[in-house]
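Colleague: One predicted model, sequence on top.
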Amino acid sequence: MNAALRYLAISVLLLYTWYVASGSLLHIGLSQAAISLRVNLVNPITWLIVIISMLTAWGLGKRFAWAWWLGLVGALVQLGRVAWWVVQRHSLAHLPDTGVWLVVAMLAVFIALLLTPQVRRACTR
């Protein structure tokens, strides 16, 4: 069971990384209908997120404690960045589009998986 939850967390993290690298995540721009998340691979922040996410996924696979902490802090920072933008720019009459909710869901699921006792106990090296 430990390995299954840990690998599920790694899979969610890799899906998030793919979403970032595919050009859909970090720079939040305001469109006419709702906010959209856009990024290109020229942006150094995108590369930083991809590198940190890949390093975290590798570390979780090897069961390192530092990877658990890096994943938790990184996901919380990204979730905070998205939430900060939404709170500043939008009201209940103008909600974010589905891409934003997808990112929030991926980060929330990743955090929830990391906080399970099985995954935490597995990452002790």
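Modeller: Received, thanks. All of these numbers come straight from a predicted model, not from anything done at the bench.

Colleague: Give the full set of residues in contact with Tyr16.
Modeller: Contacts for Tyr16 (Cβ atoms under 8 Å, 6 or more residues apart in numbering) come out as 53, 103, 106-107, 110. Placement of C-beta: from N, CA and C, glycine included.

Colleague: how about 7 Å then?
Modeller: With contacts defined as Cβ atoms under 7 Å, 6 or more residues apart in numbering, the neighbours of Tyr16 are 53, 106-107, 110.

Colleague: Then Leu114?
Modeller: Contacts for Leu114 (Cβ under 7 Å, 6+ apart) come out as 9, 68, 71-72.

Colleague: mind redoing it with 8 Å?
Modeller: Counting by Cβ under 8 Å, 6+ apart, Leu114 touches 9, 68, 71-72, 75, 120.

Colleague: okay, and the helix or strand of the protein with the least pLDDT?
Modeller: strand 27-30 (a mean of 45; mean pLDDT, DSSP states H and E).

Colleague: Quick check: pLDDT value at Val39.
Modeller: Looking at Val39, its pLDDT stands at 47.

Colleague: Tell me which residue is most central in this structure.
Modeller: When Cα atoms, centre = their mean is applied to the chain, the residue found nearest the centroid is Leu107 (4.2 Å).

Colleague: That residue touches Val77, doesn't it?
Modeller: No. Leu107 lies out of contact with Val77 (Cβ atoms under 8 Å); the separation is 9.7 Å.

Colleague: how about a markdown table for the contacts of Tyr16, with distance to Trp84 and secondary structure added?
Modeller: As requested, the contacts of Tyr16 are exported to a markdown table (distance: Cβ to Cβ, whole Å; DSSP: H, G, I helix; E, B strand; the rest coil):
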| residue | distance to Trp84 | secondary structure |
| --- | --- | --- |
| Ser53 | 20 | helix |
| Met106 | 18 | helix |
| Leu107 | 13 | helix |
| Phe110 | 19 | helix |
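
Colleague: Can you list the neighbours in contact with the longest helix along the chain?
Modeller: Longest helix in the chain, counting residues (DSSP state H): helix 65-89. Applying Cβ under 8 Å, 6+ apart, the contact partners of helix 65-89 are 9, 13, 26, 28, 30, 35, 49, 52-53, 55-60, 96, 100, 103-104, 107-108, 110-111, 114-115, 119-120, 123-125.
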